[in-house]
Structures are given as C-alpha cells and as structure tokens.
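Q: Any chance you can model this:
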Amino acid sequence: MFAYKCSECCGDPPGRPHPRASATRCAQVRSYRYTSPEDSVLEKLFLQRFWNFGVRFFPTWFAPNLMTTVGLVFALGAYGTLLWHSPDLDGSLPAWAAVACAAMLFVYQTMDGMDGKQARRTGAGSPLGEVTDHGADAIA
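A: Here you go, the predicted model:
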C-alpha cells in the first residue's frame, strides 16, 4: 500500500532497513552524542555536591529511570495540589499547600539531579535514560 524507501544504514544491528530515513539522516543519528550544558554557579558551588552526597543513600539496584519517574510523580503532585487549591491561579493557595508544592518540587529537582549520578555510578546510562530524563524535564 505504502512504498517507503528504506535506508540500509540504520537499525540494530546496522544494515537493517529503516523506512523514511536517508543515509545522511542515519549517519547524523548514529553520530549524535549528548553533552550536558555547563553548570551554573549555584550548581558548581552547592548542588553538585548535594546530589553526590544524596545519591550515596540509594542502593545500586535502584534504577536511574525509576529516580526520574519518582521525581516526575512529585512534580505532577505539586502541580495537582496547586490546581486543586487554586484553580484560577489567582494566589488563593493556602500556606500549607504552597509549602507542600515547594517541597514536592524540591524532591523533583533533587531526583532529577541525582538520576544522572546514579546512572554513572551503576554504569546504567543509556539513550532511553536520556529520553526519560529530558521527557520528564519537559513535562515538569
């Protein structure tokens, strides 16, 4: 029904046909390597040390993607709490709810910072981990 031109350069193992991907595009995908941006002053002075300290309390079997997911759940909980108590976002949020939202976003930020540390610590870094981490960041 559809006639897609397949490229022979992509796939796992290499050489398996991939519909709609030119040889140039496949080469670009294969050559991509993620590099994180340089740290801010706050990250260099405080947060990197805090995340290195905190990740030591997680066992090595705890998957970095699970850390990302747990952090995302906390972020979504904060947004849900905010919208439940102030649906018009008019500043009518009770003080306890504001503190709870801040605490949940702190947990999200901490888990987001520690997931990469855990991945490097356990040798579990992967493209799926990058997608999971950046996807959670985009949602949050």
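Q: okay, and the helix or strand of this structure with the least pLDDT?
A: Among the helical and strand segments of the chain, the one scoring lowest on mean pLDDT, DSSP states H and E is strand 6-7, with a mean of 51.
Q: now the strands: where do they sit in this structure?
A: With strands called from DSSP state E, the chain shows them at 6-7, 18-19.
Q: ok, which stretches of the protein are helices?
A: Secondary structure of the chain (DSSP state H): helices at 23-31, 41-42, 48-55, 64-85, 95-122, 127-139.
Q: Name the nearest residue to Thr110, ignoring sequence neighbours.
A: If you skip the residues right next to it in sequence, Thr110 has Gly54 as its closest partner in space, 6.3 Å away by Cβ to Cβ, 6 or more residues apart in numbering. Placement of C-beta: from N, CA and C, glycine included.
Q: now that neighbour: how far from Met67?
A: Using Cβ to Cβ, to the nearest Å, Gly54 is found at 10 Å from Met67.
Q: Who has more neighbours out of the two?
A: Met67 (26 against 15; other Cβ atoms under 10 Å).
Q: Quick check: that one vs Met111, distance?
A: In this structure, Met67 lies at 5 Å from Met111, with Cβ to Cβ as the measure.
Q: and what of Leu105?
A: 11 Å.
Q: Between the two, tell me which one has more neighbours.
A: Neighbours of Leu105 and Met111, each counted by other Cβ under 10 Å, are more numerous for Met111; the result is 26 against 18.
Q: Would you check how far apart the more buried one and Ala27 are?
A: With Cβ to Cβ as the criterion, Met111 and Ala27 are 35 Å apart.
Q: ditto for Met114
A: In this view, Met114 and Ala27 are 34 Å apart by Cβ to Cβ.
Q: Neighbour count: those two, which is higher?
A: Under the neighbour definition other Cβ under 10 Å, Met114 and Ala27 were set side by side, and Met114 has more, 25 against 14.
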